[in-house]
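In: compute the structure for the input listed below.
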Amino acid sequence: MGSRYVLEMTDISKEYYGNRVLKNVNLQVEPGEIHALVGENGAGKSTLMNILFGMPVIHETGGFEGEIKIDGQPAMIDNPYKAMDYGIGMVHQEFMLIPGFTVTENIKVGREITNPTFLSKVFGKDLETLDIEKMRRDARVALDTIGLNIEEYVQVAGLPIGYMQFVEIAREIDKTGIKLLVFDEPTAVLTESEADRLLEIVQLIASKGIGIVFITHRLDEVMAISDRLTILRDGEVVATLNAKDTTVERVAELMIGRKVEKLIEGMGDHRVLSDADIALSLRDFYVDMPGERVKGVNLDIRNGEIFGIGGLAGQGKLGIPNGIMGIYDSEGTVELFGKELDLTKLGEALRNGIAFVSEDRRGVGLLLDESIEFNVVFSAMQIKGDFLIRLGPITIYDQRKAREHTLEMIKTLDIRCTGPKQLVGSLSGGNQQKVCLARALTLNPALLIVSEPTRGIDIGAKRLVLEHLIKLNREEGLTIVVVSSELVELRSMCDRIAIISGGNVAAILEPDAPDAEFGLAMAGLRKEGASIA
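Out: As a prediction, the model looks like this:
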């Protein structure tokens, strides 16, 4: 007897090194249903999908508890190939295409159609030749299925981003026996028109009886195309709802609604800071950061405050600091203590006293093959000439001063290491984050921007990093901007919090504002009378 569900995940639980990241999660998807899976960063969405696809990270860390059924039958999925055998496909946020291959070759990669030759009959299948015509015909069928008017013989390299995403979808559609297709943040890097087209394609695929799991932070997309949605929070299912029976406000509130437990003891003191004393001012600020575009933000950050910038992924919060630091092209006005910065000049923000701890600590924040000491002092050497001794025309490295300073930072931030000469690439994620913070503080900045300060680190390291930031603010008066996906984190330490949605400021809220107001702002619905300054 057949099941009404193409996918059933029952009582799924998962631990990573004693940390329970999924707790008895249940998910059911019907054939032809678009089922949205939503939740804040860290809610457990990726882990759940890693389990469904049998990703190595799951089975190398002790496996999982619970049961998976496909079409009502128990499924043992311990590697991605098994997932494909069961008819499960996935369209990733990061493209898995080979740029030098044609559209056809990318669609058929790993499933090439071949013709036997005389040599292959003697020496084996490896000497068969590709049947290019049959492969092109299959690719054309897949492309036509999703309505993509592109020639199947063109190279992927140079195609617009949206077309690359559609080629990925065509590749999954081409797979024989596809029953369930997972879309992981598929519109994150697309333009508005490309995103609209992709949503149409998702609906078209579902109309052919294929079940869809649609993962996105963009709640307007959820409400536009999904039949049902499952909301994860802190590794648990808080609700499974029919889309037609709920609202975007309710979904946002369920995603974030929780008792706010202060991460740092003794916080919560209400401070009155002057609106006349502005440290950082943004006006009509635009940033062209793919997936995190900023579209005309206005903000005034008071001198001496800890100012939070939050919001769901893909809404623009990460674009703000990256634009200020000149990592991505920006437009508009940025003033630091009344002085306008020329962001067309590389390093302008750094030279004027803004230090930055990037969310991408491995890609932007650190020199992984260098020592802790070199990472800590490098920016101060480059920008301010610190840790250097000048002897006439000769400049030499002041190793003693650099070593003493690094040892002090290791002690202050409790960087767990063998010493200043240990390579940063060999440190844990939490300790790498502390090195990033140490480097920023070594600049002795007038303003510090910290982006995702506790991403990927344990609760003990989290508390230490946040407590040190608060100490710098309270004892030294340092103005700090904290950009974070962790709303609890922001509400624990910030004086005010700007919620970014759709590239704009949806609202600026006090940390103790009701959950409903944060939910409305994160859903992109401005609170009545919300301040933007």
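
In: list the buried residues of the helix or strand of the chain with the lowest mean pLDDT.
Out: The weakest-scoring helix or strand in the chain, judged by mean pLDDT, DSSP states H and E, is helix 118-123 (a mean of 76). With burial defined by 16 or more other C-beta atoms under 10 Å, not one residue of helix 118-123 is counted as buried. All C-beta atoms are positioned from the backbone trio N, CA, C, and that covers glycine.

In: cool, and stretch 134-151?
Out: Quick answer for stretch 134-151 (16+ other C-beta under 10 Å): Met135, Arg136, Asp138, Ala139, Arg140, Ala142, Leu143, Thr145, Ile146, Leu148.

In: equivalent analysis for stretch 359-371, please.
Out: Within stretch 359-371, the residues scored as buried using 16+ other C-beta under 10 Å are Glu359, Arg361, Gly365, Leu366, Ser371.

In: please name the residues that touch Val482.
Out: Residues counted as contacts of Val482 (C-beta atoms under 8 Å, 6 or more residues apart in numbering) are Ile306, Phe307, Gly308, Ile309, Val450, Pro453, Leu469, Glu489, Leu490, Met493, Cys494.

In: return the residues in contact with Asp288.
Out: Here Asp288 is in contact with Tyr328, Asp329, Ser330 (C-beta under 8 Å, 6+ apart).

In: now with 6 Å, please.
Out: When contacts are counted by C-beta atoms under 6 Å, 6 or more residues apart in numbering, Asp288 touches Tyr328, Asp329.

In: same list (the buried residues of stretch 359-371) but as CSV, adding distance to Asn19, pLDDT and secondary structure.
Out: Shown next, in CSV, are the buried residues of stretch 359-371 (distance: C-beta to C-beta, whole Å; pLDDT from 0 to 100; DSSP: H, G, I helix; E, B strand; the rest coil):
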residue, distance to Asn19, pLDDT, secondary structure
Glu359, 21, 81, coil
Arg361, 20, 69, helix
Gly365, 24, 71, helix
Leu366, 24, 82, coil
Ser371, 30, 92, strand
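
In: tell me the one of those residues nearest Pro74?
Out: Pro74 lies nearest to Glu359 out of these, by C-beta to C-beta, at 39.9 Å.

In: quick one: which of the contacts of Val482 sit in strands?
Out: Among the contacts of Val482, DSSP state E puts Ile306, Phe307, Gly308, Ile309, Val450 in strands.

In: mark which of the residues you listed are buried, thanks.
Out: If we count by 16+ other C-beta under 10 Å, the ones in strands among the contacts of Val482 have these buried: Ile306, Phe307, Gly308, Ile309, Val450.

In: could you dump the residues you listed to CSV with pLDDT and distance to Glu408?
Out: Below are these laid out as CSV (pLDDT from 0 to 100; distance: C-beta to C-beta, whole Å):
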residue, pLDDT, distance to Glu408
Ile306, 94, 24
Phe307, 96, 28
Gly308, 95, 28
Ile309, 96, 30
Val450, 92, 20
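
In: shaky segments in the stretch 401-533 of the chain?
Out: By pLDDT under 70, the weakly predicted segments of the stretch 401-533 of the chain are 455-461, 525-533.

In: who's in contact with Leu336?
Out: By C-beta under 6 Å, 6+ apart, the contact list for Leu336 reads Leu280, Asn352.

In: let's go with 7 Å and repeat that
Out: Leu280, Asn352, Gly353, Ile354, Leu447 (C-beta atoms under 7 Å, 6 or more residues apart in numbering).

In: for Gly385, same thing?
Out: Listed by C-beta under 7 Å, 6+ apart, Gly385 has no contact partners.

In: and which of the buried residues of stretch 359-371 is nearest Arg302?
Out: Nearest member of those to Arg302, counting by C-beta to C-beta, is Glu359, at 23.7 Å.

In: pretty sure the closest one is touching Glu452, no?
Out: Yes. Using C-beta atoms under 7 Å, Glu359 is in contact with Glu452, at 3.9 Å.

In: check the gap between the closest residue in space to Leu299 that isn't next to it in sequence and Met409 for me.
Out: Nearest residue to Leu299, sequence neighbours excluded (C-beta to C-beta, 6 or more residues apart in numbering): Leu282, at 4.5 Å. Computed as C-beta to C-beta, to the nearest Å, the Leu282 to Met409 distance reads 30 Å.
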